[in-house]
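Peer 1: Need a 3D model of the following:
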Amino acid sequence: MIRRIIRRILRLPLPPNAKVQRAEPAVIARERHGLHREQFSPGSRRVCETLQQKGYQAYIVGGAVRDLLNGLRPKDFDVATDATPEEVRRCLKRSRLIGRRFQIVHAYMGQEIVEITTFRGQPDGKSKTDAHGRVLRDNMFGTQAEDAARRDFTVNALYFDPASERILDYHHGFSDLRQKTLRVIGDPKTRYREDPVRMLRAMRLSAKLGLSIEPDARRPIREMASLLENVPPARLFDETLKILTSGYAAHCLKALRSEGLHRGILPLLDLALEDPQGEKFIFCALDSTDQRARAGKTTSPAFLFAALLWHKTTAIWKKKETEGESSFSALHLAMEEVLQAQGEKLAITRRVAGDIKEIWLLQLRFTQRSGKRPYALLEHPRFRAAHDFLYLRTEADDAPQELFAWWETFRDADPEERAQMLVKPAEGGAKKRRRRPRKSAESRAQNAVTLLPDSRISTPDCS
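Peer 2: This next block holds a predicted model:
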């Protein structure tokens, strides 16, 4: 800062690699941006109002402003303030501190959780980093201008004030949105090295918002893709979920493959996409999920991961069967092997992994159409997801159309029709177990006597 002031006084030129930072933001009035406070969540407005009444600055920031300007409904409404996390907690009773890398506050406003961050300051060289330059811990607080400079992309550095309904823009993010350009704040290589997940985020935002990544921001991605190997699996899992449930997963996956980023998160994907049948299956699943997401319907992370990893699972399943394992045992071994290999890159939660296994195992049960088993399968909590998965398999010629049609009819049939549809044991190939004839009481007693040790059946000495 002192050097910059001296340069201004002496009118010396800035060094070539110096960052030009705007001290004052561009103020965009409501008449120009078109947003109003009612478009933002009640919880985020209430947090800003409470902090401002206590004398602090508070703005709705980031993705919420960006998405609304782009005509989309945001999932989250985050707040940035000059109050420290401890000061925020004193102002908001129902709140708690979270985070290690950078402490933030979660405020509970009814059913809504609002994430509140304190303005971050410029790194002073003391921030804890790993050997590759990734920031591990950074609790430096600063001004709003410094906070804007610390954000990843210009379109994420927009601050909306619910009180005045103005947007503060430090890095021309508003004009970049209008020009459909995704631009990194600062030197792209440095920013990617600080947090490699930004490369994944660039691909997701480009697909979601229809933005073209600036050439200087796109160029280093392929050569720096290996940095994703140093990111904790839990963070990669969270970002991958955002990609898969963004409503543009198919487009994102193609972009990730074009830049080589998929190897850092889905290393088992190449084998599936090299096979036309596997590629067709995966993109059928992604297209179906994208349609649901864009329609505002719920999506299942387990269903998506089950689809992405199914091709590798079936390959190992068939191999285990040829080695002499039963079909059920072979599938179990294949599931464990695939999920363990994928877990080294993505920390798939236990709950999601359990749902993935159930969807896969139910594929085996669909072939059982006799007795009481079809009725039990209809009552299974994962039947609908597994049935949709079976449909994708038929679309990719991985399962017979007749099997899916039978279950679709059986699901919608009345009790009498269901009873008539059941496959008889002889037709279904299932053999009834022959029970051994029950032994008589005398025979069981005789066997029990012959099995006793000699010392126990000898005549006792009564003399």
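Peer 1: all strands of the protein, in order?
Peer 2: 26-28, 58-61, 78-81, 95-98, 104-109, 112-118, 128-129, 135-137, 158-161, 166-169, 181-182, 212-213 (DSSP state E).
Peer 1: Make JSON lines from these and add mean neighbour count to it.
Peer 2: Placement of C-beta: from N, CA and C, glycine included. Formatted as JSON lines, the strands of the chain follow (neighbours: other CB atoms under 10 Å):
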{"stretch": "strand 26-28", "mean neighbour count": "15"}
{"stretch": "strand 58-61", "mean neighbour count": "27"}
{"stretch": "strand 78-81", "mean neighbour count": "24"}
{"stretch": "strand 95-98", "mean neighbour count": "14"}
{"stretch": "strand 104-109", "mean neighbour count": "19"}
{"stretch": "strand 112-118", "mean neighbour count": "20"}
{"stretch": "strand 128-129", "mean neighbour count": "14"}
{"stretch": "strand 135-137", "mean neighbour count": "13"}
{"stretch": "strand 158-161", "mean neighbour count": "24"}
{"stretch": "strand 166-169", "mean neighbour count": "22"}
{"stretch": "strand 181-182", "mean neighbour count": "22"}
{"stretch": "strand 212-213", "mean neighbour count": "16"}
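Peer 1: Tabulate the ones you listed (a markdown table), appending distance to residue 311 and mean pLDDT.
Peer 2: Below are the strands of the chain laid out as a markdown table (distance: least, CB to CB, whole Å; pLDDT from 0 to 100):
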| stretch | distance to residue 311 | mean pLDDT |
| --- | --- | --- |
| strand 26-28 | 48 | 95 |
| strand 58-61 | 41 | 97 |
| strand 78-81 | 38 | 97 |
| strand 95-98 | 37 | 92 |
| strand 104-109 | 39 | 94 |
| strand 112-118 | 37 | 95 |
| strand 128-129 | 38 | 55 |
| strand 135-137 | 36 | 54 |
| strand 158-161 | 41 | 98 |
| strand 166-169 | 46 | 97 |
| strand 181-182 | 32 | 96 |
| strand 212-213 | 29 | 94 |
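Peer 1: can you put those in JSON lines and add distance to residue 362?
Peer 2: Shown next, in JSON lines, are the strands of the chain (distance: least, CB to CB, whole Å):
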{"stretch": "strand 26-28", "distance to residue 362": "53"}
{"stretch": "strand 58-61", "distance to residue 362": "43"}
{"stretch": "strand 78-81", "distance to residue 362": "39"}
{"stretch": "strand 95-98", "distance to residue 362": "37"}
{"stretch": "strand 104-109", "distance to residue 362": "37"}
{"stretch": "strand 112-118", "distance to residue 362": "34"}
{"stretch": "strand 128-129", "distance to residue 362": "46"}
{"stretch": "strand 135-137", "distance to residue 362": "42"}
{"stretch": "strand 158-161", "distance to residue 362": "46"}
{"stretch": "strand 166-169", "distance to residue 362": "49"}
{"stretch": "strand 181-182", "distance to residue 362": "41"}
{"stretch": "strand 212-213", "distance to residue 362": "40"}
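Peer 1: List the contacts of the residue nearest to residue 329 when sequence neighbours are not counted.
Peer 2: In this structure, residue 329 finds its nearest non-sequential neighbour in residue 320, 7.4 Å apart by CB to CB, 6 or more residues apart in numbering. Neighbour list for residue 320: 329-331, 333-334 [criterion: CB atoms under 8 Å, 6 or more residues apart in numbering].
Peer 1: Show me the two of the residues you listed that sit farthest apart.
Peer 2: Maximum pairwise distance among these (CB to CB): 9.7 Å, between 329 and 334.
Peer 1: of these two, who's got more company?
Peer 2: Ranked by neighbour count (other CB atoms under 10 Å), residue 329 and residue 334 place residue 334 first, with 22 against 12.
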